[in-house]
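Novice: Sequence plus the predicted model coming up.
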Amino acid sequence: MGEYRGKDWQVTSTSVRDRMDHLYNNTDMADLQILAVDETWWWGQTVKDFTAHKLVLCASSPVFHQLFYPSENGPEVPSCVSVAQSSNSAVTKIEIEGVPPIAIEALMEYCYKDRFDKSDYENGYSRNLLWRLWHAAKLFRIRHLFQLCSEALEGTMCEETVFWDLNYSLVYEEYGTEPIKKRVAAKIESLGNCLYEHPNLVWLESSAVRELLKTRFEGCSEPIIVVNNVLRWALYQLDRTICEEVEGQKDANIPVEARLRMIKEIKEGRVKEYTADDIQKYLDRVLDLVPWGEMSQKDFINFIMDSGLLNQDQLLTSSRAIMKAVLNHPERLCKSLYAIRTDPTSNLTPLDNYYLTGQSNNKGGQALSRTESKEASTPRTIDNGSSVYLSREPHTSDSKLHDPIKTPLDTPFTQNFAKMKEYNNTNNNLSSETPSPVRSRPTMKVLETTRLRRQNESVNRSEKELLLVE
């Protein structure tokens, strides 16, 4: 396909697409040479030349048209596209920087053959290609191809692709990836522990890992699993082969002790190829967002306290948070927040959730969502079986969280408050349904009788007081 088929190829071609197929990447009548370069592309060639025709590309893209036939009101040509000198004056040479050759090839197949098959983009490799093609279509303003790529991204999103989708939705945020980011967030939320144990986690950029940790809901996954796989990510960025297999275990199955031991050996200089600074630069990118305060005190002491992962300030802050949680809820001594919340025998109240964490329930100190803010500002009556509390969840002010107001209501009145309220509501309803009769004004005779009665009562009191004095 694309090779010269003889002098009579025009005669044997039965459609425009067939004739374009002959011209695709063919030097016949070609007047354009494209050099595609992307040194960051991991999945194949990073540099490649293509032969093309200005007529075809200009008919497909207003950006190419502006590049070769500039007009005053034409679209802006991206800075990654430049015209280079060519030894052949009949052929124009352009360079496209930052778009991998495989994506330019796919773009040219669309321009020449009108070819795009959504089923080609469902695994990890092709997912990367689909995002790069989406980016190229956006750069060159090929609207229909961009729509096809967007539909394919949304239609084929799944557990296997969500990591690539998160990566690229952050990288290409300036091009309007917010709808895709929302779908990615919903998919991520449903994965739980599987999100961190997935083999594709190591392919995420540091910005994507931080996004995962920042948007993570409190108590939605086991913190020691989060820690182990964040360390897996950091070691993989340093060296893909380091700590690749330990006693027959791979990926997320390697215990956290083995990774902590490897990091300690690197920091102590016992791994010749790397220094402490080499591994620390990757750890520093993510460790500040790890949910240390959700760990059980037992796991924190056994794995983290003497590991050297955290500095003194981080150790102190995390230790205080865990101790506060244990003080309020003794089960946190040996169980993580996730373990308690997923225990089917546990019956937690909102106040228990506050005590479990030792801090406000707001995704590890982030700004509350709109729904959470509304709930947090609403006082609640909480009955935990033994006493009643009026609780107001923490609210934000100047981006700082305040302690909740918890007022025990132990008086007989407040303990029977619900019954009294129900009684009053019932009476109010009855009175509103049955109008009371109109009361007439008292007559003069009634008023005089009342006055005399009160006067007699006053005289009687005075006589009694005199008798007592005598």
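Specialist: Okay, I see it.
Novice: any idea how the protein splits into domains?
Specialist: For the chain, whose domains are defined here by automatic domain parsing, the residue ranges read 1-156, 312-415.
Novice: The ones you listed: lowest mean pLDDT?
Specialist: Ranked by mean pLDDT, these bottom out at domain 312-415, with a mean of 58.
Novice: which element is Val226 on?
Specialist: helix 223-238 (DSSP states H and E).
Novice: Same question for Lys48.
Specialist: Residue-wise, Lys48 maps onto strand 47-52 under DSSP H and E.
Novice: Can you spell out which helices and strands pack onto that strand?
Specialist: strand 32-37, helix 101-113 (3 or more Cβ pairs under 8 Å, 6 or more residues apart in numbering; DSSP states H and E). (C-beta placed from N, C-alpha, C; glycine too.)
Novice: which residues does the closest residue to Pro291 other than its chain neighbours contact?
Specialist: Ranked by Cβ to Cβ, 6 or more residues apart in numbering and with sequence neighbours excluded, the top spatial neighbour of Pro291 is Pro223, at 4.9 Å. When contacts are counted by Cβ atoms under 8 Å, 6 or more residues apart in numbering, Pro223 is found next to 290-292, 294-295, 299, 336-338.
Novice: go on, Ile266?
Specialist: Applying Cβ under 8 Å, 6+ apart as the definition, the contact partners of Ile266 turn out to be 238, 274-276, 278-279.
Novice: for Ser336, same thing?
Specialist: Residues near Ser336 by Cβ under 8 Å, 6+ apart: 222-224, 294-296, 299.
Novice: before we move on, the earlier item: output the helices and strands packed on strand 47-52 in JSON lines, with distance to Phe146 and mean neighbour count appended to each entry.
Specialist: Shown next, in JSON lines, are those (distance: least, Cβ to Cβ, whole Å; neighbours: other Cβ atoms under 10 Å):
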{"stretch": "strand 32-37", "distance to Phe146": "19", "mean neighbour count": "20"}
{"stretch": "helix 101-113", "distance to Phe146": "10", "mean neighbour count": "21"}
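Novice: nearest to Asp21, of these?
Specialist: Proximity to Asp21 (Cβ to Cβ) singles out helix 101-113 among the helices and strands packed on strand 47-52, at 5.9 Å.
Novice: could you dump that closest one to CSV, C-alpha only?
Specialist: The C-alpha trace of helix 101-113 is given here as CSV (Å, rounded to 0.1, in the frame of the first residue of the first chain):
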residue,chain,number,x,y,z
PRO,A,101,6.4,9.9,14.4
ILE,A,102,3.7,7.3,15.0
ALA,A,103,1.1,10.0,15.7
ILE,A,104,2.1,12.0,12.5
GLU,A,105,1.8,8.7,10.5
ALA,A,106,-1.7,8.2,12.0
LEU,A,107,-2.6,11.8,11.2
MET,A,108,-1.5,11.4,7.6
GLU,A,109,-3.5,8.2,7.2
TYR,A,110,-6.6,10.2,8.2
CYS,A,111,-5.7,13.0,5.7
TYR,A,112,-5.0,10.7,2.8
LYS,A,113,-7.2,7.7,3.4
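Novice: what's downstream of it, the next helix or strand?
Specialist: helix 124-139.
Novice: Could you identify the helix or strand that succeeds that next one?
Specialist: Moving toward the C-terminus from helix 124-139, the first helix or strand encountered (DSSP H and E) is helix 143-155.
Novice: contacts for that following helix?
Specialist: The set of residues external to helix 143-155 that reach it, using Cβ under 8 Å, 6+ apart, is 107, 110, 116, 118, 121, 130-131, 133-134, 137-138, 165, 179-180, 183.
Novice: gap between the helix or strand containing Glu265 and the chain center?
Specialist: Using DSSP H and E, Glu265 falls within helix 256-267. Relative to the chain's own centre, helix 256-267 is displaced by 29 Å; criterion: Cα atoms, centre = their mean, to the nearest Å.
Novice: follow-up on the earlier one: identify each buried residue in the helix or strand following the strand holding Lys48, please.
Specialist: Secondary structure here is assigned by DSSP H and E; on that basis, the next helix or strand after strand 47-52 toward the C-terminus is helix 54-60. Neighbour counts over helix 54-60 (16 or more other Cβ atoms under 10 Å) mark 54, 56-58, 60 as buried.
Novice: what's the closest of those to Gly269?
Specialist: Checking the buried residues of helix 54-60 against Gly269 with Cβ to Cβ, the nearest one is Leu57 at 55.3 Å.
Novice: for Lys113, what are its contacts?
Specialist: The contact partners of Lys113, taken as Cβ under 8 Å, 6+ apart, are 17, 20-21, 24.
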